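**Q** sequence unavailable; structure follows:
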């Protein structure tokens, strides 16, 4: 095989594949990527860990068709440090690969194409969702996925398309994140599947800068996502996701509203004095304010007050501080992202960056023992909820 490709284009595509390639694997070939020619003007780059596969196609000058299989991380480290320009690849005998760019020359050990695992055949992708919507779904829910390997059915997100409504739900047994949106048009097919966390995080990377749609579909074992010529294939998680609707509070009759960033910063400071085992903080909600407190028998205590819109009986509720911080960090990070808007300037329409408003959180609860619900106050485009079980204090 022999081909020439732009360094910038190759670096970008190799960057997408890095996240799923196994750095250290019991199956050595999984630390490699497959590069093969597709027609006369494209190469295909494939990386897999057997559960998640990413396939990218990029334009190249194919001088001799074929395929190479080389160590993924080493190739990426080399390519990203090369000068911009053309990168020339030549496959030698015994699967070695020569690489040349400007005055730089490298010779890399490769492996046989036959050793690389077969990638699942791409099925149809009849469903479509704007990349912006899918990214928002993942960013607002992925933090609540469990990290416990033994809880297999909770190690991903439940993703559903039903008619005109799309919904994503995650939980680790102590908290639950849910987001849904009315799509406005009926999808040709439905979907109800469990998507692994790793696949979700890699999907965000390949769809982050896209202004178009993500096409997707499924077969009995896999889900296929396609965006801007890049394909992500993931195995579905097996098992039954918990009945999340039973967890959603239905009788919370008290509501406090506060600034998300102010509360996040206060909890970060107070949590420095929380017990290292439980990470617990106590929120005392009273007229006009919320007091955050934490104490450790060995290290001391901390208290801080945050202004809040609330009138009613004083209530104290205990929480794992990490659970609160992760939700508030997601909300404030999303608000910090700027958006393009159009404005008139001397009769000409120009695009400018405009920061979104600081988010305020609506905090609903009944008492100190029942599950609480948090959401962005006044948000209408997305119906996003975050449910947290309290701690005994």
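**A** All right, it came through fine. Treat the numbers as computed from the prediction; the structure is a model and nothing was measured. Residues are numbered from 1 along each chain as shown.
**Q** hey, where'd the helices end up in this protein?
**A** For the chain, applying DSSP state H gives helices covering 7-18, 72-81, 131-139, 197-207, 260-270, 321-336.
**Q** so for residue 387, which of these sits nearest?
**A** helix 321-336 (10.1 Å; CB to CB). (Glycine included, C-beta is placed from N, CA and C.)
**Q** in the closest one, which residues are buried?
**A** If you call a residue buried by 16 or more other CB atoms under 10 Å, then helix 321-336 has these buried ones: 321, 323, 324, 325, 326, 327, 328, 330, 331, 332, 334, 335.
**Q** then stretch 225-237?
**A** Buried, per 16+ other CB under 10 Å, within stretch 225-237: 225, 226, 227, 230, 231, 232, 233, 234, 235, 236, 237.
**Q** with mean pLDDT and distance to residue 120 added, can I get the helices of the chain in TSV?
**A** Formatted as TSV, these follow (pLDDT from 0 to 100; distance: least, CB to CB, whole Å):
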stretch	mean pLDDT	distance to residue 120
helix 7-18	95	16
helix 72-81	96	19
helix 131-139	94	21
helix 197-207	94	13
helix 260-270	97	41
helix 321-336	91	32
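**Q** now these in a markdown table, with distance to residue 48?
**A** Shown next, in a markdown table, are the helices of the chain (distance: least, CB to CB, whole Å):
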| stretch | distance to residue 48 |
| --- | --- |
| helix 7-18 | 9 |
| helix 72-81 | 10 |
| helix 131-139 | 21 |
| helix 197-207 | 11 |
| helix 260-270 | 38 |
| helix 321-336 | 29 |
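**Q** quick check: which of these is nearest to residue 386?
**A** Closest to residue 386 of the helices of the chain, according to CB to CB: helix 321-336, at 4.8 Å.
**Q** which helices and strands sit right next to that closest one?
**A** Contacts defined by 3 or more CB pairs under 8 Å, 6 or more residues apart in numbering; DSSP states H and E place helix 321-336 against helix 131-139, helix 260-270, strand 280-286, strand 383-388.
**Q** out of the buried residues of helix 321-336, which comes closest to residue 141?
**A** Comparing the buried residues of helix 321-336 against residue 141 with CB to CB places residue 330 closest, at 9.0 Å.
**Q** that closest one touches residue 138, doesn't it?
**A** No - with contact defined as CB atoms under 8 Å, residue 330 does not count as touching residue 138 (10.6 Å).
**Q** got the contact list for residue 136?
**A** 179, 334, 382 (CB atoms under 8 Å, 6 or more residues apart in numbering).
**Q** same thing with residue 126?
**A** Counted by CB under 8 Å, 6+ apart, residue 126 has contacts 188, 189, 215, 217.
**Q** just the buried residues of the residues you listed.
**A** 215, 217.
**Q** burial of the closest residue in space to residue 219 that isn't next to it in sequence, as a residue count?
**A** Using CB to CB, 6 or more residues apart in numbering and skipping the chain neighbours, the partner closest in space to residue 219 is residue 123 (5.0 Å). Using other CB atoms under 10 Å, residue 123 is surrounded by 13 other residues.
**Q** and residue 186, by the same measure?
**A** Residues lying near residue 186 (other CB under 10 Å) number 10.
**Q** so it touches residue 165, yeah?
**A** No - Residue 186 is beyond contact range of residue 165, at 9.9 Å (criterion: CB under 8 Å).
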